[in-house]
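Peer 1: What shape does this take:
(2 chains)
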Protein chains: 2
Amino acid sequence: MNYIQQRFKVSFEYKVFFTEGLFSSRNPIFNEVLKEDHQENYSKKILFVIDDKIIQHFPDLDKQIDDYFAGNEYVQLIKEKIIVAGGEISKNDGQYLEKVIDAVNRNRIDRHSYIVGIGGGSVLDLTGYAAAISHRGIKVIRIPTTVLSQNDSGVGVKNGVNYKGKKNFLGTFAPPFAVFNDYEFLTTLDDRDWRSGISEAVKVALIKDEGFYQWLEDHAEDLVNRDKSSMEYLIKRCAELHVEHIGGGDPFEFGSSRPLDFGHWSAHKLEQLSNFDVLHGEAVSMGIALDSLYSALAGLLPQEDADKIVRLLLKMGLPVTHELMHLDRIDHPIFLGLQEFREHLGGQLTIMLLKEIGVGYEVHALDLELMMQAAQKLQNFNQSDLKLSAQC
Amino acid sequence: MNYIQQRFKVSFEYKVFFTEGLFSSRNPIFNEVLKEDHQENYSKKILFVIDDKIIQHFPDLDKQIDDYFAGNEYVQLIKEKIIVAGGEISKNDGQYLEKVIDAVNRNRIDRHSYIVGIGGGSVLDLTGYAAAISHRGIKVIRIPTTVLSQNDSGVGVKNGVNYKGKKNFLGTFAPPFAVFNDYEFLTTLDDRDWRSGISEAVKVALIKDEGFYQWLEDHAEDLVNRDKSSMEYLIKRCAELHVEHIGGGDPFEFGSSRPLDFGHWSAHKLEQLSNFDVLHGEAVSMGIALDSLYSALAGLLPQEDADKIVRLLLKMGLPVTHELMHLDRIDHPIFLGLQEFREHLGGQLTIMLLKEIGVGYEVHALDLELMMQAAQKLQNFNQSDLKLSAQC
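Peer 2: Presented below is the predicted three-dimensional model:
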């Protein structure tokens, strides 16, 4: 055969910082990161895309940013801030993507300049996607403002928006330039957002780190009671496990295995079926509970471990079932999630289950009858737990 | 500072094949490539996106493809072919991008399946972009059908579409899964398309390979007369130089240097200003002529070499100037191309010029007065050459 062989490697690196009061004049971190990336004879621009929920809670943020970058020697701040709706709507409604890209164009943001996203996972996914496709990739800086995005999506390499209701149908793999996890943003989260972010920590502990799982059990109450140092530890450990997994494995997911998606096949579908009334973290909690009980029914995981997991989720104030999760027939809409999950990953269906707490196990088929039993058990579990709670 | 360091490398590889009659039942190459990528227990799909100009010249192509893949053991052919307009319109008009993405969605093409683009550079750029952003990257197979795309864009790692008239404003770096250069597609090109593709070969020879430049001088007449083996050699050598450059350098262009864009800063702008009446290869020819004469005026390149280059382009039947290239004032619209060129690459302005034939030289500023002189010389050059032609 007559051919030319192409072969090369591309190196990527970035840091995930943990800080507080990122835009305080006394906090030098952001500026130091920019200094390190400075190029002689060239002034980079920096454009901010901000979640409108954050603006509500931090009305001074705009001014703080202006003050922080006033007279900055490394970057030229674009004064106009791009405000986008927080939550899944930013990924569902194409106007927000257009809004960011239009701002890149109008403000002549180039590939060596920065786009900074401040917000929850959805706003960061949107911002990252807009940055990745503009000029074939502008540097993106993520400032995640929720528990979920600080410990999970915000530290990874993915971005995306939804298309015709399909989650992340459009997106790319594009490592960020830097990530700043600022604890201060978490202080204004309502309890529902605070708690829902914990489910991804439970997930990563279950498949990777038995010790961390034990720590979560031991600190469940502190976490629910919004103890600062417990949450700081949870976020850092969870981010570490995610970062290690991505860097050590298959960062751009060329294979079919995606262990970090434990509990996610049903979660993504549930989010969509509930019109995103169910938060991602809540859906993941239900997905974890379902796949843990299924793992036990399938003879992989001891039943007592599965029960322990469900109890931990409930103790964390997380839901473990939902009326849309009553899997009572094999053509239940949630089961369509399996097909969509396979399609999004590509290749053979590959689902992560549990063998032990801290040890995952991959399968390539699910027994839907067993899955229905697991869902049924979960409803009962929920009811008996509610009874228990009522008795307390 | 409290941070986690992420660091990883991603490996990419693909082959560029040279063949004839790719979809003939006697040609096993395509099938062998699919066989090598086959996964047990999983049937991949294959979706074709085809340039409407190709369909006009090869009305049997659809049936040939159906026959080639009938009963294939490695892939399941999607019968419906997605036909898109050939030429720049496919990148300018958003409906074509939507058409491809919609087909991916409807036909449930996953990340391990294939999207095959058959067409000129524009259709391949569009197809590659749609594939890159769907499910965070479906495998794309390119079948370039023009001289230009077979020796240049088709073998590289870029894709893109235009946004508000700005060329490739939206796009990504995404290596193809495989490239098939089929000589047969070139046989129906009109002379204008045939010739315009030669300019990228002149370009890469000028900055990288003096020997190849000499070969082009020696074979100019054969090439214009559509000699098959000369064109086959040109395409392979040019593709080799491109592939080597990409793999050996900065494939995803993190830096500001882009030597392969010699002659391109004005070319992209000219294409846009002419509403794409000027073909990319023609615009590149004019850009090469302009920057070669400028290199001489700037004291970098011997004047006789610059003249030799312009004469070669003319001998190849390529244009070296255009009424939109009469740079008679420093606010001439073509000069806006410099700003857009810098913006698209990012960082400091970096323009490749020539020091010798076969040796490039990068500068970070241009003298617009000298550039206007170069443009002026080119007009005279063109007129005297036309006179010469008329005398023959």
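
Peer 1: just checking, what packs against the helix or strand where A:Leu206 lies?
Peer 2: With secondary structure defined by DSSP states H and E, A:Leu206 is part of helix A:198-208. Under the contact criterion of 3 or more Cβ pairs under 8 Å, 6 or more residues apart in numbering or on different chains; DSSP states H and E, helix A:198-208 touches helix A:147-151, helix A:210-218, helix A:228-248, helix A:280-297, helix A:303-315, strand A:351-356, strand A:359-363. To be clear about C-beta, it is placed using only N, CA and C from the backbone, and glycine gets the same treatment.

Peer 1: which stretch among the ones you listed comes nearest chain B?
Peer 2: helix A:228-248 (4.2 Å; Cβ to the nearest Cβ).

Peer 1: Report the contact partners of the residue in the stretch 201-350 of chain A positioned nearest to chain B.
Peer 2: For the stretch 201-350 of chain A, the residue closest to chain B is A:Gly346, as judged by Cβ to the nearest Cβ, at 3.0 Å. By Cβ atoms under 8 Å, 6 or more residues apart in numbering or on different chains, A:Gly346 lies in contact with A:256, B:110-113, B:135, B:138.

Peer 1: repeat that with 7 Å
Peer 2: With contact taken as Cβ atoms under 7 Å, 6 or more residues apart in numbering or on different chains, A:Gly346 is in contact with A:256, B:110-113, B:135.

Peer 1: ok, so of those residues, who is nearest B:Gly86?
Peer 2: Closest approach to B:Gly86 among the contacts of A:Gly346 (Cβ to Cβ): B:Ser113, at 24.4 Å.

Peer 1: Report the spatially nearest residue to the residue of the stretch 101-250 of chain A found nearest chain B, omitting neighbours in sequence.
Peer 2: In the stretch 101-250 of chain A, no residue comes nearer to chain B than A:Arg111, which is 3.0 Å away by Cβ to the nearest Cβ. Spatial nearest neighbour of A:Arg111, excluding adjacent residues (Cβ to Cβ, 6 or more residues apart in numbering or on different chains): B:Gly346 at 3.0 Å.

Peer 1: Could you pull up phi and psi at the one you found?
Peer 2: Torsion angles at B:Gly346 (phi, psi; degrees, to the nearest 10) stand at phi 90, psi 160.

Peer 1: same check, this time on A:Gln379
Peer 2: In terms of degrees, to the nearest 10, the main-chain angles of A:Gln379 are phi -60, psi -40.

Peer 1: By mean pLDDT, point me to the weakest helix or strand of chain A.
Peer 2: Lowest by mean pLDDT, DSSP states H and E among the helices and strands of chain A is helix A:368-391, with a mean of 78.

Peer 1: domain ranges for chain A?
Peer 2: For chain A, automatic domain parsing gives the domain ranges A:15-188, A:191-391.

Peer 1: B:Gly94 is nearest to which of those?
Peer 2: Closest approach to B:Gly94 among the domains of chain A (Cβ to Cβ): domain A:15-188, 10.8 Å.

Peer 1: From the chain's centroid, how far away is the closest one?
Peer 2: 15 Å (Cα atoms, centre = their mean, to the nearest Å).

Peer 1: quick one: low-confidence ranges for the stretch 51-200 of chain A?
Peer 2: Across the stretch 51-200 of chain A, nothing is flagged by pLDDT under 70.

Peer 1: near chain B, which residues of the stretch 101-250 of chain A?
Peer 2: Counting by Cβ under 7 Å from any Cβ of the partner chain, the positions of the stretch 101-250 of chain A adjacent to chain B are A:101, A:105, A:108, A:110-113, A:132-137, A:158, A:160, A:163-164, A:169-173, A:239-240, A:243, A:247.

Peer 1: Now do the contacts for the most centrally placed residue in chain A.
Peer 2: By Cα atoms, centre = their mean, the mean C-alpha position of chain A lies nearest to A:Ser153, the distance being 2.9 Å. Shown in contact with A:Ser153 (Cβ under 7 Å, 6+ apart): A:121, A:124-125.

Peer 1: Tell me the buried residues in stretch A:255-264?
Peer 2: Across stretch A:255-264, burial judged by 16 or more other Cβ atoms under 10 Å in any protein chain shown covers A:256-264.

Peer 1: which of those residues sit farthest apart?
Peer 2: A:Ser256 and A:Gly263 (17.4 Å).

Peer 1: Please state the offset of stretch A:200-216 from the chain centre?
Peer 2: Put simply, stretch A:200-216 sits 16 Å off its chain's centre (Cα atoms, centre = their mean).

Peer 1: ok, which residues in the stretch 251-392 of chain A are in contact with chain B?
Peer 2: Applying Cβ under 7 Å from any Cβ, we find that the stretch 251-392 of chain A lies next to chain B at A:251-252, A:343-348.

Peer 1: Now stretch A:16-32: buried residues?
Peer 2: A:16-20, A:22-23, A:27, A:29-30.

Peer 1: Tell me which of these fall in helices.
Peer 2: A:29-30 (DSSP state H).

Peer 1: now the buried residues of stretch A:16-32 in CSV, with distance to B:Phe276 and pLDDT?
Peer 2: Shown next, in CSV, are these (distance: Cβ to Cβ, whole Å; pLDDT from 0 to 100):
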residue, distance to B:Phe276, pLDDT
A:Val16, 44, 98
A:Phe17, 46, 98
A:Phe18, 50, 98
A:Thr19, 49, 98
A:Glu20, 53, 97
A:Leu22, 45, 98
A:Phe23, 45, 98
A:Asn27, 49, 97
A:Ile29, 47, 97
A:Phe30, 43, 98
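
Peer 1: So which of the buried residues of stretch A:16-32 reach chain B?
Peer 2: Restricting the buried residues of stretch A:16-32 to those touching chain B (Cβ under 7 Å from any Cβ) yields A:16-19, A:29.

Peer 1: would a markdown table of these with distance to B:Lys269 be doable?
Peer 2: Formatted as a markdown table, these follow (distance: Cβ to Cβ, whole Å):
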| residue | distance to B:Lys269 |
| --- | --- |
| A:Val16 | 40 |
| A:Phe17 | 41 |
| A:Phe18 | 46 |
| A:Thr19 | 44 |
| A:Ile29 | 40 |
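
Peer 1: Just these: which are in strands?
Peer 2: Applying DSSP state E to those, the entries found in strands are A:16-19.

Peer 1: Make TSV out of those and add distance to A:Lys79.
Peer 2: Formatted as TSV, these follow (distance: Cβ to Cβ, whole Å):
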residue	distance to A:Lys79
A:Val16	28
A:Phe17	25
A:Phe18	29
A:Thr19	24
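
Peer 1: Out of these, flag the one nearest to A:Leu378.
Peer 2: Comparing those against A:Leu378 with Cβ to Cβ picks out A:Val16 as the nearest, at 34.1 Å.

Peer 1: For stretch A:307-320, which outside residues touch it?
Peer 2: Residues from elsewhere that reach stretch A:307-320 (Cβ under 7 Å, 6+ apart): A:195-196, A:198-199, A:202, A:206, A:216-217, A:220, A:223-224, A:282, A:285-286, A:288-289, A:292-293, A:378, A:381-382, A:385.

Peer 1: swap in stretch A:110-120?
Peer 2: Stretch A:110-120 has contacts (Cβ under 7 Å, 6+ apart) with A:44-51, A:54, A:75, A:86-87, A:109, A:123-124, A:127-128, A:131, A:135-143, A:145-146, A:149, A:177, B:343, B:345-347.

Peer 1: Strands - which of these land there?
Peer 2: Members of those lying in strands (criterion: DSSP E): A:44-51, A:75, A:139-143.

Peer 1: If you rank those by neighbours, which is first?
Peer 2: Highest neighbour count within the ones in strands among the contacts of stretch A:110-120: A:Arg142, with 32 neighbours (other Cβ atoms under 10 Å in any protein chain shown).
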